[in-house]
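Peer 1: 3D, please:
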Amino acid sequence: MGIKTVKPITPGRRMATFADFSDLTKIRPESNLIVIKKKTGGRGSSGKITIRHRGGGSKRFVRKVDFLRDKFGIVGKVASLEYDPNRGARLALINYKDGEKRYIIAPIDLKVGDEVMSSKELIDLKVGNAMPLKNIPAGIAVHNVELVPGQGAKIARGAGNLVYVMGIEGRFAQLKMPSGEIRQVDKEGMCTVGQVSNPDKRHIKLGSAGRRRHMGIRPTVRGKVMNPNDHPHGGGEGAQPIGLKYPKTKWGKRALGVKTRKGGRSDRLIIKRRNDR
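Peer 2: Numbers count the residues shown, from 1 in each chain. Next up is the predicted model:
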């Protein structure tokens, strides 16, 4: 994917950059692999806002992406590379020999006409092939990694992401996460060889608030410009400091430098944290 600029006819377009979509080979998605994305406005099942600054945005279809890669031993051919409005990575449409079609997260260097396969046994370490972590040699980059075998991929699914296999020890594989954390994951979990496509996504500049609204993200207002009944930082005549020993959230909880990790059930699986020097 390349990044393009446009004529600076407005202040917003002067700073904006856009994807050129030169890597796509098909525009329309498969009709039987999409469902309408329902909008919630950030509200949960009780009708209360649980995620702030959500609402509006363009209409979208949700692509049914295969995160399980459970068609074992059946060769599939890449039919097209497609855009997904719900993620930064590209999707690859796979036509399997038994007639079924599925979407997978497209890795870098996967091209139309390439063949991919998923297997529980050791197969070629070719980009797009999926197999358990126990079959991956140390130093190989993978993505779409399962935390719990059979539950589908949870790790390294975003544009440009990858995880390095550091080695296998006992019933665990040691992985170096995108954050730099090194942790143990069940070696029976599936993963896909290669790096997720579209790494240039991080370099795109929106340039205007309107593009943000099209994405379904509403404006974020600072607490210090609110009233006292709306936020702990609010109140005062004119511009005021927050007037507290430490920043707080809208609900009065400490906001910065507070550990938010709960439970710690998987702490024993972390070998090196991302902030360790």
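Peer 1: Residue nearest the middle of this structure, spatially speaking?
Peer 2: In the chain, the C-alpha nearest the mean C-alpha coordinate belongs to Gly158, at 3.2 Å (CA atoms, centre = their mean).
Peer 1: show me the contacts for that residue.
Peer 2: Gly158 sits next to Arg87, Gly88, Ala89, Val196 when contact means CB atoms under 8 Å, 6 or more residues apart in numbering. C-beta: built from backbone N, CA, C; applies to glycine.
Peer 1: Next, give me the two most distant ones among these.
Peer 2: Within the contacts of Gly158, Arg87 and Val196 form the most distant pair, 9.4 Å apart (CB to CB).
Peer 1: Overlap in contacts, the two.
Peer 2: Shared contacts of Arg87 and Val196 (CB under 8 Å, 6+ apart): Ile105, Arg157, Gly158, Ala159.
Peer 1: Highest neighbour count among those?
Peer 2: Within these, Ile105 tops the neighbour count with 28 neighbours, counted by other CB atoms under 10 Å.
Peer 1: Show me the shaky parts of this protein.
Peer 2: Applying pLDDT under 70 to the chain flags the ranges 277.
Peer 1: how about the helices of it, start to end?
Peer 2: Secondary structure of the chain (DSSP state H): helices located at 11-15, 209-214.
Peer 1: Ile94 is nearest to which of those?
Peer 2: Of all the helices of the chain, helix 209-214 sits nearest to Ile94, with 29.7 Å by CB to CB.
Peer 1: just to revisit the earlier point, more neighbours: Arg87 and Val196, which one.
Peer 2: Per other CB under 10 Å, whichever of Arg87 and Val196 has more neighbours is Val196, with 26 against 17.
Peer 1: close enough to count as contact, Lys77 and Ile94?
Peer 2: Yes. Lys77 sits in contact with Ile94 when judged by CB atoms under 8 Å, with a separation of 7.0 Å.
Peer 1: intersection of neighbour lists for those two?
Peer 2: Val116.
Peer 1: more crowded one of those two?
Peer 2: Ile94 (28 against 14).
Peer 1: ok, the more buried one - contacts?
Peer 2: Neighbouring residues of Ile94 by CB under 8 Å, 6+ apart: Asp66, Gly76, Lys77, Val78, Ala79, Lys101, Arg102, Tyr103, Ile104, Val116.
Peer 1: Arg102 is in contact with Leu33, isn't it?
Peer 2: Yes. At 7.4 Å, Arg102 counts as touching Leu33 under the criterion of CB under 8 Å.
Peer 1: what touches both of those two?
Peer 2: Shared contacts of Arg102 and Leu33 (CB under 8 Å, 6+ apart): Lys64, Leu93.
Peer 1: Now for the residue lying closest to His231 once chain neighbours are set aside: which residues touch it?
Peer 2: Counting by CB to CB, 6 or more residues apart in numbering, Gly223 is the residue found nearest to His231 once chain neighbours are left out, at 3.8 Å. By CB under 8 Å, 6+ apart, the residues touching Gly223 are Asp230, His231, Pro232, His233, Gly234, Ile242, Lys248, Lys250.
Peer 1: at 10 Å what do you get?
Peer 2: For Gly223, the residues meeting the contact criterion (CB atoms under 10 Å, 6 or more residues apart in numbering) are Asp230, His231, Pro232, His233, Gly234, Ile242, Pro247, Lys248, Thr249, Lys250, Ala255.
Peer 1: now swap in Asp276 and tell me
Peer 2: When contacts are counted by CB under 10 Å, 6+ apart, Asp276 touches Gly180, Glu181, Ile182, Ile270.
Peer 1: and what of Asp98?
Peer 2: Applying CB under 10 Å, 6+ apart to Asp98 gives the contacts Lys71, Ile74, Val75, Gly76.
Peer 1: likewise Asp114?
Peer 2: Gly76, Lys77, Val78, Ala92, Ile94, Lys126, Val127, Gly128.
Peer 1: before we move on, back to that, including distance to Thr17, could the contacts of Gly158 go into a markdown table?
Peer 2: Formatted as a markdown table, those follow (distance: CB to CB, whole Å):
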| residue | distance to Thr17 |
| --- | --- |
| Arg87 | 19 |
| Gly88 | 14 |
| Ala89 | 18 |
| Val196 | 20 |
